[in-house]
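K.L.:
Sequence and computational prediction follow.
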Amino acid sequence: MITRTFILVLVASTLAIPVFADNRSTPYVGQQTRTIKALSDEDIAALRNAEGMGMAKAAELNGYPGPKHVLDLASELGLTPEQVRDVTAVRDRMSAGARPLGEEIVRRERDLDSSFASGTVVDAELAGETEAIGALEGKLRAVHLAAHLATKSLLTPAQIARYQQLRGYGASRAGEGHEHHHVE
């Protein structure tokens, strides 16, 4: 009886191994066909189009609205024509600063990917290349964060509170604290 049960369990588990093996996949499956392995097509487009990609979450989620979203919500926020003009200028400066950085990140990631793909990557150059990409990402993040900082200075506390509400953030403690200390 024990032998028969043991054999049945052994056979069943042996048959199940391929099923479990097929279900074990890494989060990278399918990404090996990307043009630049470290960046999705969406990432590349966002970098080239000066999109935020979550780089300004520290600002956005702490009561510092982003210029693009403020302009999208201009009527709901009751922006004056001067505010629209000034926030548009902030957005345009941000885009002008972010686009070349995004392009450079894409170029450097493509070069790094090509080095690995061709087998020509050199250990002595690897740290320098990744540090350069990291520095560009830091500069890009600073451009986006600075735009949020500049945008907040153009809005009233009531507009910031409304922005938080419209974006679904509600009345977070961090946002409320910043709103009450806003200086125009």
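P.N.:
Happy to help now that I have it.
K.L.:
which residues does the residue nearest the centre of the chain contact?
P.N.:
The centre of the chain sits closest to Met53, judged by Cα atoms, centre = their mean, with a distance of 2.8 Å. When the contact criterion is Cβ atoms under 8 Å, 6 or more residues apart in numbering, the partners of Met53 are 43, 46-47. For the C-beta atoms, the positions are set from N, CA and C on the backbone; glycine is no exception.
K.L.:
Reformat the residues you listed as TSV; add pLDDT.
P.N.:
Formatted as TSV, the contacts of Met53 follow (pLDDT from 0 to 100):
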residue	pLDDT
Asp43	96
Ala46	96
Leu47	97
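K.L.:
Now secondary structure and distance to Ala147 too, for those, in a markdown table please.
P.N.:
A markdown table is the format used below for the contacts of Met53 (DSSP: H, G, I helix; E, B strand; the rest coil; distance: Cβ to Cβ, whole Å):
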| residue | secondary structure | distance to Ala147 |
| --- | --- | --- |
| Asp43 | helix | 20 |
| Ala46 | helix | 15 |
| Leu47 | helix | 16 |
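K.L.:
what about burial for those residues, which qualify?
P.N.:
Among the contacts of Met53, those classed as buried by neighbour count (16 or more other Cβ atoms under 10 Å) are 43, 46-47.
K.L.:
Tyr28 versus Asp92, what's the distance?
P.N.:
Note on Asp92: its distance to Tyr28, by Cβ to Cβ, to the nearest Å, is 37 Å.
K.L.:
still on that earlier bit, got the phi/psi numbers for the residue nearest to the centre of the chain?
P.N.:
When read as degrees, to the nearest 10, the backbone of Met53 gives phi 50, psi 30.
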